[in-house]
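1. 3D model of this:
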Amino acid sequence: MLGFMVALLFSIVVGMVVVEIVCYKERKRKKELDALLGPSVISLLDLLKKASKKGWVFSRLENGELLRFGIALRQAGECEEARFWGRKELNNGAYEVSVRLTEIDKEYWRNNSINILSTTNHFSADEEDIETIFVEHNFSTYTHSHLQWSEETQIYTDIHISKTDAMKWLKHKARAYKGIDEY
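-> Residues are numbered from 1 along each chain as shown. Sure thing, here's the model as predicted:
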C-alpha cells in the first residue's frame, strides 16, 4: 500500500511539473509573439464594431456619432487614455508603408487625428437617407494632419489600439461623446 501511495504521489508531482513546463513554454511563446507582432491590439474597425454592440449608432452618417467617436479617439490618444499603433507611411516618393506596427506618440495627436470616414462607405437610397457601411479591411484606416501638408508630415495607416485601453476607454470615457444630435 505504501508503494502505491509513493507511486501516486510521484505521478502527481510529475504531472504538476509537466503542467508547469507547458505553461512556461506557452508564456515564453506569447512573449516571443508579442515581441514579433507587438502588443495585444484591436483594429480600429473591430473597435467600431464593439462600440456598435454597446449602443453607438454608426449606421446613419447624419446623426454625427461616427464623427464624435473620431474626435473622442483623438482625445484619448492625446490624453494617453489609449495607446495607438499604425504603419508609418514612408516618405520616399512612392506609396509604401512600414511592415511593423509602430506605436504612435501622444504628442502626434496634438496636430493629427484619425480620418474616421476612412472606415466607411456611404450609400444613399435617396438624398435624405445616407447609410454607412464599414469597409472590409482595417488597412483602409489612416490618420491625417490638421496642419498644412509638407514632406515631414507623418501619416499612419492600418490603425490599431491597445485592446485593454480600448475596452476600458469604450466602457468609461467614450460615453461622454455618445448621443444623437438633431440637425
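2. care to break this protein down by domain?
-> 1-37, 40-177 (automatic domain parsing).
3. which of these sits most buried?
-> Sort these by mean neighbour count, taking mean count of other C-beta atoms under 10 Å, and domain 40-177 sits at the top with a mean of 16. All C-beta atoms are positioned from the backbone trio N, CA, C, and that covers glycine.
4. average pLDDT across that one?
-> For domain 40-177, the mean per-residue pLDDT is 82.
5. The chain should start at 21 in everything you say after this.
-> OK, 21 is where the count begins now, so the last one is domain 60-197.
6. Show me how far that domain is from its chain's centre.
-> Chain-centre distance of domain 60-197: 8 Å, with C-alpha atoms, centre = their mean, to the nearest Å.
7. May I have the distance across that domain, first residue to last?
-> Using C-alpha to C-alpha, to the nearest Å, the end-to-end distance of domain 60-197 comes to 25 Å.
8. what do you get for stretch 109-125?
-> Span of stretch 109-125 from end to end, C-alpha to C-alpha: 15 Å.
9. got it, and stretch 178-188?
-> 21 Å.
10. Need the contact partners of it.
-> Outside stretch 178-188, the residues that touch it by C-beta atoms under 8 Å, 6 or more residues apart in numbering are 59-64, 67, 70, 93, 96, 101-107, 117, 121, 134, 158-159, 161-163.
11. If we use 7 Å, what do you get?
-> Residues from elsewhere that reach stretch 178-188 (C-beta atoms under 7 Å, 6 or more residues apart in numbering): 59-64, 67, 101-107, 121, 134, 158-159, 161-163.
12. mind listing which of the residues you listed are in helices?
-> Among these, DSSP state H puts 64, 67 in helices.
13. In strands, which of the contacts of stretch 178-188 fall?
-> 61, 62, 63, 104, 105, 106, 107, 134, 163 (DSSP state E).
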